[in-house]
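Participant: dropping a prediction and its sequence here:
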Amino acid sequence: MFELTVIGKFSAAHKIDGYSGNCSRMHGHNWRVELKIAADKLDEIDMVFDFRKAKSILNGILEKLDHTVLNDNPILAGGNTTAERIAMIIYRMVKEKVPENIDIVSVGVWESDNACVTYKQ
């Protein structure tokens, strides 16, 4: 099995509805997103997947989140804007854009240098 990782970033504000603490108030993060994909075999030019394509897919999604209030962003409608839910939604969006022979291993979402959540199926 071969695994490839690309990293992207976005800045956005949010608040966690129903949370009893500081995060219930509007605040912002410089989010870091780690996408890990894998394949059992290499392609015809001995690659798992083109880094450029993986970065493009991830960055295309992150551009829709960048400099927004996540609570108002239609991508995240219908639930809270937790790092857990953001990771799950990014995972699902990436899954729709890669070939079937590529497995999405995980999506990690960092809301600070020392706090990350990872979603995998």
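Facilitator: Arrived safely, thanks for sending. In this text the structure is predicted, and so the values were computed from the model without any measurement.
Participant: only C-alpha atoms from now on, for both contacts and neighbour counts.
Facilitator: Fine.
Participant: tell me who's in contact with the spatially most central residue of the chain.
Facilitator: Centroid-nearest residue in the chain, with C-alpha atoms, centre = their mean: residue 90, separated by 4.1 Å. Residues near residue 90 by C-alpha atoms under 8 Å, 6 or more residues apart in numbering: 61, 107.
Participant: and the helix or strand containing it, how far from the chain's centre?
Facilitator: Under the criterion of DSSP states H and E, residue 90 resides in helix 83-95. Relative to its parent chain, helix 83-95 has a centroid offset of 5 Å by C-alpha atoms, centre = their mean, to the nearest Å.
Participant: cool, stretch 47-55 as well?
Facilitator: Distance, stretch centre to chain centre, for stretch 47-55: 16 Å (C-alpha atoms, centre = their mean).
Participant: state the mean pLDDT of that stretch.
Facilitator: Mean pLDDT, computed over stretch 47-55, is 95.
Participant: pull up the distance across that stretch, start to finish.
Facilitator: This stretch, stretch 47-55, spans 15 Å end to end (C-alpha to C-alpha, to the nearest Å).
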